[in-house]
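**Q** Return atomic coordinates for the entry below.
(one chain, ligands or ions: 1)
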Amino acid sequence: MPDQYAVIGNPVAHSKSPQIHAAFARQTGQDLMYGQLLAPAGAFAATASAFRAGGGRGLNVTLPFKLDAFGYATLLSERAHAARAVNTLKFNEGVIFGDNTDGAGLVYDLLHNLGCALTGRRILLLGAGGAARGVIEPLLQQRPAQFVLANRTSDKARRLAQDFRGAFEAGTYAALAGRQFDLVINATSASLAGALPPLPPGVYASGAMAYDMMYGKGETPFLAFSRRNGAALLADGLGMLVEQAAESFFIWRGLRPDTAPVLQRLRQTQDT
Ligand code: NDP
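**A** Take a look at the predicted model:
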């Protein structure tokens, strides 16, 4: 029987992960099956354990269970520990290994797919939820000249900065007035509701990039605002999705798939 993997979430039917991992498996000749697992609220551990007991080898974890997966893992990678969230579980004999590939996926997408340099640049991260938390450490590792985090609830932003031992500046949107950045990353869920984080105009430096982690809904309010307010380059989060999946695939199978054709195919189907 092929090795079994799945994405676990609630809801999960919309997930593109099965399509992405099936393409990776075809490309690399790996004998595996990748499905979807809908876990009822409050039943993450029971659902994951039943999958594991049935011979499952690993899971991708999506909303709202990344924190549950963090608690469920018996061994954590350093980056999962820093993020306090897990999006990849690998079951190996008695060990439940938890990792977080979201940040690596974002950094890879920025550096290699989009040609956006990070070292020495001024980076602004919007949001202080699970997605923001997961990408902080990998972004800091790129040694930006400035790293600032803004969140609607400023206390949450400050607490997050404390968790990272004050390694970056965190505060309100209002405090951004008069400042400029080379890269602004939207890690809020505002786009899901068709809303816009309250960014001041003039936040984009010359040649800056706007990156929305959201994907698949056409131009989001954040990207539309960024286009009108001087961002030279715009990107959505589809590349991050494919790259975090490739990193999970590597953890499970020890092989790195070629992501370019998979991303290109997803873009084509998204546009039709
Ligand atoms: P959370 O619910 O954990 O956090 C949501 C964040 O958005 C909070 O900081 C919240 O601020 C902020 N927010 C919500 N609405 C607004 C608004 N109208 N204005 C300003 N801020 C707002 O969500 P996640 O962190 O898990 O996910 C965030 C986004 O990232 C989602 O759109 C998700 O789809 C995307 N994502 C994409 C991935 C990819 O691979 N491309 C991977 C992971 C996530 P407050 O604290 O004040 O409530």
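
**Q** Show me what residue of the protein gets nearest to the ligand.
**A** At 2.0 Å from the ligand, Gly129 is the closest residue in the chain, using Cβ to the nearest ligand atom. From N, CA and C alone the C-beta is placed, and that goes for glycine too.

**Q** ok, and for stretch 26-38, which residues are buried?
**A** Neighbour-count burial for stretch 26-38 flags 30, 32-34, 36-37 (criterion: 16 or more other Cβ atoms under 10 Å).

**Q** Can you tell me what sits against that stretch?
**A** 2-13, 15, 17-18, 21-22, 24-25, 47-48, 51, 57, 59, 253, 255, 257-258, 261-262 (Cβ atoms under 8 Å, 6 or more residues apart in numbering).

**Q** End to end on it, go ahead and measure it.
**A** Distance between the boundary residues of stretch 26-38 (Cα to Cα, to the nearest Å) amounts to 25 Å.

**Q** quick one: buried residues of stretch 115-131?
**A** Those would be 116, 118, 121-131, for stretch 115-131 by 16+ other Cβ under 10 Å.

**Q** if you look at the contacts of stretch 26-38, which of them are in helices?
**A** Counting by DSSP state H, the contacts of stretch 26-38 place 17-18, 21-22, 24-25, 47-48, 51, 253, 261-262 in helices.

**Q** Taking those residues, tell me the two that lie furthest apart.
**A** Based on Cβ to Cβ, the longest span within the ones in helices among the contacts of stretch 26-38 runs between Thr47 and Pro261 and measures 32.5 Å.

**Q** out of the two, which sits in the more crowded spot?
**A** More crowded of Thr47 and Pro261, by other Cβ atoms under 10 Å: Thr47, with 19 against 11.

**Q** got a list of what the residue nearest to Ala150 when sequence neighbours are not counted touches?
**A** Among residues not flanking Ala150 along the chain, Tyr173 sits closest, at 5.1 Å (Cβ to Cβ, 6 or more residues apart in numbering). By Cβ under 8 Å, 6+ apart, the residues touching Tyr173 are 150, 152, 197-200.

**Q** most neighbours, which of those residues?
**A** The most crowded member of the contacts of Tyr173 is Ala150, carrying 27 neighbours; neighbours defined as other Cβ under 10 Å.

**Q** Now the spatially most central residue of the chain. Nearest residue, chain neighbours left out?
**A** In the chain, the C-alpha closest to the average C-alpha coordinate belongs to Asp102, at a distance of 3.5 Å (Cα atoms, centre = their mean). Nearest non-adjacent residue to Asp102, counting by Cβ to Cβ, 6+ apart: Gly134, 4.0 Å away.

**Q** What sits closest to Pro18 if chain neighbours are left out?
**A** Distances taken as Cβ to Cβ, 6+ apart put Tyr34 closest to Pro18, at 5.2 Å, once the chain neighbours are dropped.
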